[in-house]
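Trainee: Got a predicted structure plus its sequence, pasted below:
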Amino acid sequence: MAVAIVAAVLGFTVFLLQYQPTSVAPDFALPTVDASGLTGKQVSLSSMRGKVVLLEFMEPWCVHCKAMAPQLKTLYSALSPQGVAFLSIVGSGGGTTVNDVSAFVETYGTDWPYVYDSSDSVFAAYRVTGTPTFFVIEKDGTISSTFAGETSIEALTSAISKAMG
């Protein structure tokens, strides 16, 4: 058991080292989902170039993602007027469907875009193996910070402020 925990920690450490501040965030385009379902629109990361982006990888059934939702809503209210973009990428793990994403958005009343990664290809491109995982992306598209698991508002705010310059 202890060996498995150490291996998991070391594996995640390797994951974090692969995305140093000079790494350009992989681009993607995914369909958006709101409380009513698929919107018929797509969002790409490249369309947010010029803004600091808080990119969240999450699953609607994830206990830690549910715990973060109200905190992210507070952070979004504080930082979106300053031009910070938020984007949540929802994977298909655990059998997650578009309806599950819609129910999550409705339950938590979130106002930023959610996109559905039905093939988990964006999760794979970012090497995300657990949720929630957060990336702070600078205006030029480079990754400046990563966080795994429940993360304090203070830590996210500090990383975003640093990326804003």
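Mentor: Good, I have the coordinates.
Trainee: Please name the residues that touch the residue lying closest to residue 120 once chain neighbours are set aside.
Mentor: Using CB to CB, 6 or more residues apart in numbering and skipping residues adjacent in sequence, the residue nearest residue 120 is residue 91, 4.9 Å away. The way it works is simple: take the backbone N, C-alpha and C, and place the C-beta from them, glycine included. Going by CB atoms under 8 Å, 6 or more residues apart in numbering, residue 91 touches 57-59, 117, 120, 123, 128, 131.
Trainee: Identify the farthest-apart pair in those residues.
Mentor: Spanning the widest gap among the contacts of residue 91 are 58 and 120, at 12.6 Å by CB to CB.
Trainee: Those two: which is more packed in?
Mentor: Higher neighbour count among residue 58 and residue 120: residue 58, with 25 against 15, using other CB atoms under 10 Å.
Trainee: For the residue lying closest to that one once chain neighbours are set aside, give its distance to residue 107.
Mentor: Leaving aside its chain neighbours, residue 58 sits nearest to residue 65 (4.1 Å; criterion: CB to CB, 6+ apart). In this view, residue 65 and residue 107 are 12 Å apart by CB to CB, to the nearest Å.
Trainee: what's the answer for residue 114, then?
Mentor: 12 Å.
Trainee: And these two? Which one has more around it.
Mentor: In this view residue 114 and residue 107 are compared by other CB under 10 Å, and residue 114 has more residues nearby, 26 against 12.
Trainee: Does the more buried one touch residue 35 like I think?
Mentor: No: the pair residue 114 and residue 35 fails to qualify as a contact (CB atoms under 8 Å) at a distance of 9.6 Å.
Trainee: Find the residues that touch each one of these two.
Mentor: residue 105.
Trainee: Now the helix or strand containing residue 143 - C-alpha only, PDB.
Mentor: Element membership of residue 143 [criterion: DSSP states H and E] is strand 143-148. The C-alpha coordinates for strand 143-148 follow below in PDB (Å, rounded to 0.1, in the frame of the first residue of the first chain):
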ATOM      1  CA  ILE A 143       1.100  27.300 -18.100                       C
ATOM      2  CA  SER A 144       2.300  29.100 -15.000                       C
ATOM      3  CA  SER A 145       0.800  27.000 -12.200                       C
ATOM      4  CA  THR A 146      -0.800  23.600 -11.600                       C
ATOM      5  CA  PHE A 147      -2.800  22.300  -8.700                       C
ATOM      6  CA  ALA A 148      -4.200  18.900  -8.000                       C
END
